[in-house]
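*Asks:* Make a model of this:
(one chain, ligands or ions: 1)
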Amino acid sequence: MKIKNMSKPLEFNCEDCGDLDYVLINGYDFGDRLLEGVMFRGFPDGHVEIDPEGAEYFKDLNQKKWLKEAKRHFAEVMEMGDEVTCPKCKDDVAVLAERWFRLDIFQK
Ligand SMILES: [Zn+2]
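*Replies:* I've put the predicted structure just below:
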């Protein structure tokens with residue numbers, strides 16, 4: 001899978017699943033064990049939401065803080081390259097940073 005991160009808004013596409021409305025970000029990547037197994041959805045406009053599967057657990061945490069952290073991490077991944085997960089086939093997918101730049105959508 002390749003994610004085209006040049007466009008605004010972002011476009012996500014999985015080789016196996018086609019166009020995606022959002023990608024999954026593992027909370028462990030920025031929240032360590034506190035957010036292990038908790039997934040966030042990263043949307044083309046740069047906003048993030050808690051994936052419903054982890055919502056029950058997430059309720060007891062500092063949601064405002066962690067959503068902010070999730071958004072910051074999402075921006076980093078899109079701008080510098082890393083891995084995200086396809087919500088359909090659950091494959092880990094490399095995000096290739098084709099250009100090193102700040103995406104406008106994350107500046108809001
Ligand atoms: Zn897929």
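
*Asks:* What residues does residue 31 make contact with?
*Replies:* 38, 66, 69 (Cβ atoms under 8 Å, 6 or more residues apart in numbering). C-beta: built from backbone N, CA, C; applies to glycine.

*Asks:* The first one and residue 76, how far apart?
*Replies:* Summarising the geometry, the distance separating residue 38 from residue 76, computed by Cβ to Cβ, to the nearest Å, is 18 Å.

*Asks:* Compare these two (neighbour count), which wins?
*Replies:* When residue 38 and residue 76 are compared on other Cβ atoms under 10 Å, the one with more neighbours turns out to be residue 38, at 21 against 15.

*Asks:* Distance check, the more buried one against the ion.
*Replies:* Summarising the geometry, the distance separating residue 38 from the ion, computed by Cβ to the ion, to the nearest Å, is 20 Å.

*Asks:* Could you report the distance from the nearest residue to residue 23 once chain neighbours are set aside to residue 90?
*Replies:* Closest residue to residue 23 in three dimensions, ignoring its sequence neighbours and counting by Cβ to Cβ, 6 or more residues apart in numbering: residue 84, at 4.2 Å. Here the distance between residue 84 and residue 90 works out to 11 Å (Cβ to Cβ).

*Asks:* Just the buried positions in the longest helix belonging to the chain, please.
*Replies:* If you go by DSSP state H, the chain has its longest helix at helix 63-80. Applying a neighbour-count criterion of 16 or more other Cβ atoms under 10 Å, the buried positions in helix 63-80 are 66-67, 69-71, 73-75, 77-79.
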